[in-house]
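Undergrad: What would the 3D arrangement of this be:
(chains A and B)
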Amino acid sequence: MRIPKFTSHRKEIMMDRRKFLGLGLAAVALVPATAFATDFRKEKPDAWKAEKPADAIKALYGDIKPEEKGVKIKAPKLAENGGKIPVTVKSDIEAKSVAIFQDANPRSAVAVWTVQEGGIVDYSITMKMKGSGKITAIVEGKDGKFYSKVLAIEVSKGGCGG
Amino acid sequence: MKVKAKEKNGIVKVKVLAKHQNIGAEEAEKKKKEANFITSVIAKVGDAVVFDMNGSGFMSANPLYKFKFKGKKGDKLEVTWTDLKGETKTKKAKIK
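TA: Numbers count the residues shown, from 1 in each chain, chains lettered A, B, ... in the order given. Now for the predicted structure:
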């Protein structure tokens, strides 16, 4: 085993190794950008495993009772290509986080955003849906309340290779 | 990765086009490929994080992300994505 020359360098390697061994990952030399932001994939792993939106939402946010207001979802009513569906979530609510779920795929969670101080909730993505279904958007307000919107869309050709 | 950032009235609109297969676990099994998808996208202006998203295998291949934040022309935006395998890619763009 190579013995590094400088102790400070060795401390760096030790820190990285500890961080990543703790996560069960193979040794990765770089500190990822996610080290400085909320990583919902690491902090709420069950949210990404859940099959149904209700379970995914519970795993992510707990037992919440969102109000159906203040959130807009923009998506094509009929998506021609289920492999690339453009979806936009918008809200004027002062938010901490925003999450999108759907019920057409094997698992529900699609994406989660951490909203910065003074941030704007106007996010667009392209996503996949295996077939027609409902898209659910949840906005976690700074006021401690949750807001939601559900939009049903039809998919003519399923994505996800199905 | 392509990044375009335009400011108007103090709001910067950003478009990010990433090149990634974004294959989730179930899809990978079906296609007999290895699952790998973008798990995180972070954008910064200097030290300030202006965009922070966690993704899944249900984002499309070669995904397009759009977002907005309060900023100004001339600032430099840095976008980084990280995938399931730990690979990262960074692109810088000047806000026009």
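Undergrad: need the residues of chain B near chain A, please.
TA: B:11, B:24-27, B:30-31, B:39-40, B:42, B:48-56, B:58-61, B:63-70, B:80, B:82, B:86, B:88 (CB under 8 Å from any CB of the partner chain). The way it works is simple: take the backbone N, C-alpha and C, and place the C-beta from them, glycine included.
Undergrad: and if we set it to 7 Å?
TA: For chain B, the residues in contact with chain A (CB under 7 Å from any CB of the partner chain) are B:26-27, B:30-31, B:39-40, B:42, B:49-50, B:52-56, B:58-61, B:63-70, B:80, B:82, B:86, B:88.
Undergrad: Can you tell me the closest non-neighbouring residue to the residue of chain A found nearest chain B?
TA: Going by CB to the nearest CB, chain B is nearest to residue A:124 of chain A, at 3.6 Å. The spatial neighbour of residue A:124 that comes closest, neighbours along the chain excluded (CB to CB, 6 or more residues apart in numbering or on different chains), is residue B:66 at 3.6 Å.
Undergrad: Helices of chain B, start to end?
TA: B:25-31 (DSSP state H).
Undergrad: For it, which residue gets nearest to chain A?
TA: Closest point on chain B to chain A, by CB to the nearest CB, is residue B:66, at 3.6 Å.
Undergrad: And that residue, what's its pLDDT?
TA: Here, the pLDDT recorded for residue B:66 equals 98.
Undergrad: show me what contacts it?
TA: A:124, B:14, B:15 (CB atoms under 7 Å, 6 or more residues apart in numbering or on different chains).
Undergrad: mind redoing it with 8 Å?
TA: By CB atoms under 8 Å, 6 or more residues apart in numbering or on different chains, the contact set of residue B:66 is A:88, A:122, A:123, A:124, A:125, B:13, B:14, B:15, B:16.
Undergrad: how much space between the last one and residue A:64?
TA: Between residue B:16 and residue A:64 the distance, using CB to CB, to the nearest Å, works out to 30 Å.
Undergrad: Looking at those two, which is more packed in?
TA: Shown here are residue B:16 and residue A:64; by other CB atoms under 10 Å in any protein chain shown, residue B:16 has more neighbours (23 against 15).
Undergrad: what's the spacing between the residue lying closest to that one once chain neighbours are set aside and residue B:79?
TA: Distances taken as CB to CB, 6+ apart place residue B:65 nearest to residue B:16, at 4.5 Å, with adjacent residues excluded. Distance, residue B:65 to residue B:79, using CB to CB: 9 Å.
Undergrad: who touches both of those two?
TA: In contact with both residue B:65 and residue B:79: B:14, B:16, B:41, using CB under 8 Å, 6+ apart.
Undergrad: Run a quick check on the last one versus residue B:18, I expect a contact.
TA: So that's residue B:41. Yes: counting by CB atoms under 8 Å, residue B:41 touches residue B:18, with 7.5 Å between them.
Undergrad: Please identify every residue contacting each of these two.
TA: B:65, B:81.
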